[in-house]
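got a structure for you, letters missing:
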């Protein structure tokens, strides 16, 4: 048994809140640079340049890359040998978000009641927390500030086995096509297939955490990803939707087993500010 | 396509000169407003009450900025997605609003309303929020402080870089751009 005081969780989440909102991963930056080299639209190139310059400004000025500093998505893997002390785990995560969003001067974008009152909670809590118990004595915290604009363009569809992989591909391309310029392209497309209604949506989100450029471990799905990326970039949506070659930087697919009657598919759209980070305690 | 230096408040002559695809550097007073503020503004108009700012010739920027640090004029402040304001925009255009700034396409009703009322829609680069903040030279909350990031702010901007998406002739830069680069499979 390993004891972990939750103050270390608070600190880790606070630091991740701030760092992920200011510093973008090299994989995303490199993908954007490559897109700039290939982009045929002059307006598209100008937009990609503005996006790349913005990364430099945010790092230099320690300002968030985007004003939408997101809802705090937290994926936790907790080793089953771990015993938390000093408070409740979920309270600690929310306290980390509270402190990070205050000290980092990040936007508080959460409303308490989603429909009727829509009153801002003023501290960006509650976070959305998914916890898995795994072997070992470590805690892995994956953190992603998820902006609203791209999240709004996401969708779950309960498909059938008869629709098959062609049905999946058409759904993904159609979802991106209908999103147009709304989700701040160039986007990253997370696709979850299998599981159940809610599980495929989580898979689609998990898929967004994969490093851009890292192939799908399954060669067949890797092929599907390549084909989808080509088809999506042929839509012509381009940077910010104003036309061009670069609509998506990557398509990431994750799959799990599912019921014989089902083929749940989820598409989670991520804007070009594809922020995530992790800490292992 | 041309580059235009534009100063608010906007009049019909300035608006008529703008064409879809033009690059604009916008200077002067603009107002921030997004979902919650729009709901309140439209309610005020429907109730025949006075608005917190003069809509005549005005430009609304769809943004909820990150909170400013002490001594900082404006923290990151990029555009939010515009379609969420589409249901409110025609009434505002009818009452004198001349320009809106956001990201993503507008509904056909908004586009028709822009043609009819002589208004334009500008795109700012979404996600390039730290850079845009430096165009803002002054900022103050003028209404709905309770909405936090969604409060209405009066901004003084200097050469804010924008693209004209919809002009008064009914052109749309999203449609034109995508049509040019789409490849049929």
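Yes, it's here. Note that this is a predicted model, so its numbers are computed, not measured. Residues are numbered from 1 along each chain as shown, chains lettered A, B, ... in the order given.

where along chain B do the strands fall?
B:3-7, B:23-32, B:59-61, B:99-102, B:120-123, B:136-143, B:152-166 (DSSP state E).

Looking at these, spot the one closest to residue A:94.
Evaluated with C-beta to C-beta, the strands of chain B place strand B:136-143 nearest to residue A:94, the distance being 27.1 Å. Quick note: C-beta positions are derived from backbone N, CA and C, even for glycine.

in the closest one, what counts as buried?
B:136, B:139, B:143 (16 or more other C-beta atoms under 10 Å in any protein chain shown).

What of stretch B:174-182?
By 16+ other C-beta under 10 Å, the buried positions in stretch B:174-182 come out as B:174-175, B:177-178, B:181.

shouldn't residue B:102 be in contact with residue B:80?
Yes: contact criterion C-beta atoms under 8 Å: residue B:102 and residue B:80 qualify, at 6.3 Å.

Give me the common contacts of those two.
Common contact partners of residue B:102 and residue B:80 (C-beta atoms under 8 Å, 6 or more residues apart in numbering or on different chains): residue B:62.

Make CSV from the buried residues of stretch B:174-182 and add pLDDT and distance to residue B:45 to it.
Converted to CSV, these look like this (pLDDT from 0 to 100; distance: C-beta to C-beta, whole Å):
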residue, pLDDT, distance to residue B:45
B:174, 97, 28
B:175, 96, 30
B:177, 96, 33
B:178, 96, 34
B:181, 97, 40
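
related to what we said a few turns ago, now pLDDT too, for the buried residues of strand B:136-143, in TSV please.
Below are the buried residues of strand B:136-143 laid out as TSV (pLDDT from 0 to 100):
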residue	pLDDT
B:136	98
B:139	98
B:143	97
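
Among those, which one lies nearest to chain A?
residue B:136 (11.6 Å; C-beta to the nearest C-beta).

Hmm, residue A:150 is touching residue A:181, no?
No: using C-beta under 8 Å as the test, residue A:150 is too far from residue A:181 to be in contact (11.3 Å).

in chain B, what residue is nearest chain A?
Closest point on chain B to chain A, by C-beta to the nearest C-beta, is residue B:177, at 2.2 Å.

In contact with that residue, which residues are there?
Contacts of residue B:177 (C-beta under 8 Å, 6+ apart): A:41, A:43, A:236, A:238, A:241-244.

What is the nearest of these to chain B?
residue A:243 (2.2 Å).

With adjacent residues omitted, what lies nearest to the closest one?
Spatial nearest neighbour of residue A:243, chain neighbours left out: residue B:177 (2.2 Å); criterion: C-beta to C-beta, 6 or more residues apart in numbering or on different chains.

does residue A:155 have beta-bridge partners, and which?
Partner residues in beta bridges with residue A:155, using DSSP bridges, are residue A:267.

Tell me how far it lies from residue A:82.
The gap separating residue A:155 from residue A:82 is 36 Å, by C-beta to C-beta, to the nearest Å.

tell me the contacts of residue B:67?
Residue B:67 neighbours (C-beta under 8 Å, 6+ apart): A:105-108, B:75, B:149.

ok, longest helix in chain B?
Longest helix in chain B, counting residues (DSSP state H): helix B:35-46.

for that one, which positions count as buried?
By 16+ other C-beta under 10 Å, the buried positions in helix B:35-46 come out as B:36-38, B:40-42, B:45.

And stretch A:12-20, by the same measure?
Buried positions in stretch A:12-20, judged by neighbour count with 16+ other C-beta under 10 Å: A:12-18, A:20.

Quick check: pLDDT value at the spatially most central residue of chain A.
Centroid check for chain A by C-alpha atoms, centre = their mean gives residue A:208 as the closest residue, at 4.6 Å. As predicted, residue A:208 sits at a pLDDT of 98.

thought it was touching residue A:273?
No: shown here, residue A:208 and residue A:273 do not form a contact pair, counting by C-beta under 8 Å, at 11.9 Å.

Write out the residues of the stretch 51-200 of chain A neighbouring chain B.
A:51, A:53-54, A:57-58, A:61, A:63-69, A:105-109, A:118, A:120, A:122, A:148-149, A:152, A:180-184 (C-beta under 8 Å from any C-beta of the partner chain).

Mark which of those are buried, thanks.
Buried, going by 16+ other C-beta under 10 Å: A:51, A:54, A:57-58, A:61, A:63-69, A:105-109, A:120, A:148-149, A:180-184, out of these.

and chain A, what are its domains?
With domains defined by automatic domain parsing, chain A comprises A:2-20+A:65-146, A:149-273.

Quick one: end-to-end length of the last one, please.
The first residue of domain A:149-273 is 11 Å away from its last residue (C-alpha to C-alpha, to the nearest Å).

do stretch A:62-70 as well
Start-to-end span of stretch A:62-70 (C-alpha to C-alpha) is 17 Å.

Where does the prediction get shaky in chain B?
Counting by pLDDT under 70, chain B shows no low-confidence range.

where does chain A have low pLDDT?
Short version for chain A, where the test is pLDDT under 70: none.

Residue A:15 against residue A:103, yeah?
No: the pair residue A:15 / residue A:103 is not scored as a contact, 9.9 Å apart, by C-beta under 8 Å.

Could you count how many residues lie near residue 154?
No chain in the question, so chain A it is. Counted with other C-beta atoms under 10 Å in any protein chain shown, residues neighbouring residue A:154 total 20.

Hmm, no, I was thinking of chain B.
16.

ok, it - contacts?
Contact analysis of residue B:154 by C-beta under 8 Å, 6+ apart lists B:29-31, B:53, B:138-140, B:142.
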